[in-house]
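Participant: need a structure here:
(one chain, ligands or ions: 2)
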Amino acid sequence: MRAVQVHRAACHERSLALRGDAADINLMCIKRHLRLTSNSPAETLAIARELGAALRPGDVVGLTGDLGAGKTLFCKGVGEALGIPPDRIVSPTFTIVTEHAGPVPLTHIDVYRLSGGREADEIGMRELLSGDGVCLVEWAEKIADRLPTDCIQVTFTILGDDRREIAIAAPDLPRFDAFRARSQRIHLEG
Ligand code: ADP
Ligand code: MG
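Facilitator: Ligands and ions are numbered 1, 2, ... in the order given. Model prediction:
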């Protein structure tokens, strides 16, 4: 496990280039939307494990939702599916990036403390998001225009003490079909 410290260096041109790329790719990525209800942390973990099983190196997952909505818990479930023990995945207050070695490397990013896209560029977000493994980004909405347009978006809404709505938009690819079918059954069987 390696914590990457924030270092500051101007890279304005690169951020402009990124926006251009994103606009082009956007036209080509069709996503399918899935809306699930989780009634417990265990159900959220189960949904996350199913998504983790469908992921491939290079995938980026953006997680959005209020504090306590379940983003980090979801990351633990994805990590578990990738062979990373859940207790390794945490959200320490001042760590923005944590890289986990594993069969599929996992980069866990929490951009809560970043001011936005410009600061994300300064810490090398583009390289982080285009790494060899799977990349999970908590508070993804803060850097929405820096994320690849084919990223998997997971949005949490707190419905009650233990209830969460989990809305997932994933590229319309066959490899996500089993995830959709299995995750829709989790609540029913739980
Ligand atoms: P975030 O990273 O979004 O701030 P965390 O994952 O750290 O949130 O914390 C979510 C909290 O909500 C945990 O304490 C978890 O046990 C609790 N919780 C209760 N019900 C659920 C649920 N259905 N899904 C996810 N978390 C839940
Ligand atoms: Mg968190």
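
Participant: where in the chain is pLDDT low?
Facilitator: 1-27, 190 (pLDDT under 70).

Participant: Can you name the residues of it sitting close to ligand 1?
Facilitator: Contact residues (CB under 6 Å from any ligand atom) of the chain with ligand 1: 38, 40-41, 43-44, 65, 67-73, 91, 138, 162-164. Heads up, the C-betas are built off the backbone N, CA and C, glycines and all.

Participant: In ChimeraX, how would I select the buried members of those?
Facilitator: Buried residues among the residues of the chain next to ligand 1 (16 or more other CB atoms under 10 Å), as a ChimeraX selection:
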select :38,43,44,65,69,70,71,72,73,138,164
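
Participant: In helices only, show me the residues of the chain next to ligand 1.
Facilitator: When DSSP state H defines the helices, the subset of those inside them is P41, E43, T44, K71, T72, L73.

Participant: for those, which one is nearest ligand 2?
Facilitator: T72 (3.5 Å; CB to the ion).

Participant: which residues of the protein fall in strands?
Facilitator: All strands of the chain, identified by DSSP state E, fall at 2-4, 31-38, 60-64, 97-100, 106-110, 134-138, 152-158, 164-171.

Participant: From these, pick the one with the highest average neighbour count.
Facilitator: Per residue and on average, the most neighbours among these fall to strand 134-138, with a mean of 27 (mean count of other CB atoms under 10 Å).

Participant: report the angle between the axes of that one and strand 152-158?
Facilitator: 30 degrees (axes from the mean of the first three to the mean of the last three CA atoms, to 10 degrees).

Participant: and strand 134-138, what other elements does it pack with?
Facilitator: strand 60-64, helix 71-81, strand 106-110, helix 125-129 (3 or more CB pairs under 8 Å, 6 or more residues apart in numbering; DSSP states H and E).

Participant: In this structure, what residue comes closest to ligand 1?
Facilitator: G70 (2.9 Å; CB to the nearest ligand atom).

Participant: can you pull the contacts of the residue positioned nearest the centre of the chain?
Facilitator: For the chain, the residue nearest the mean C-alpha position is V61 (2.7 Å; CA atoms, centre = their mean). When contacts are counted by CB atoms under 8 Å, 6 or more residues apart in numbering, V61 touches L51, L55, V78, V134, C135, L136, V137, C151, I152, Q153, V154.

Participant: what separates it from L34, distance-wise?
Facilitator: V61 sits 14 Å away from L34, taking CB to CB, to the nearest Å as the criterion.

Participant: circling back to that earlier point, closest to E189 among the ones in helices among the residues of the chain next to ligand 1?
Facilitator: E43 (9.5 Å; CB to CB).

Participant: if I read this right, that closest one contacts L188, doesn't it?
Facilitator: No: using CB atoms under 8 Å, E43 makes no contact with L188, being 10.4 Å away.

Participant: Perfect, I'm done here.
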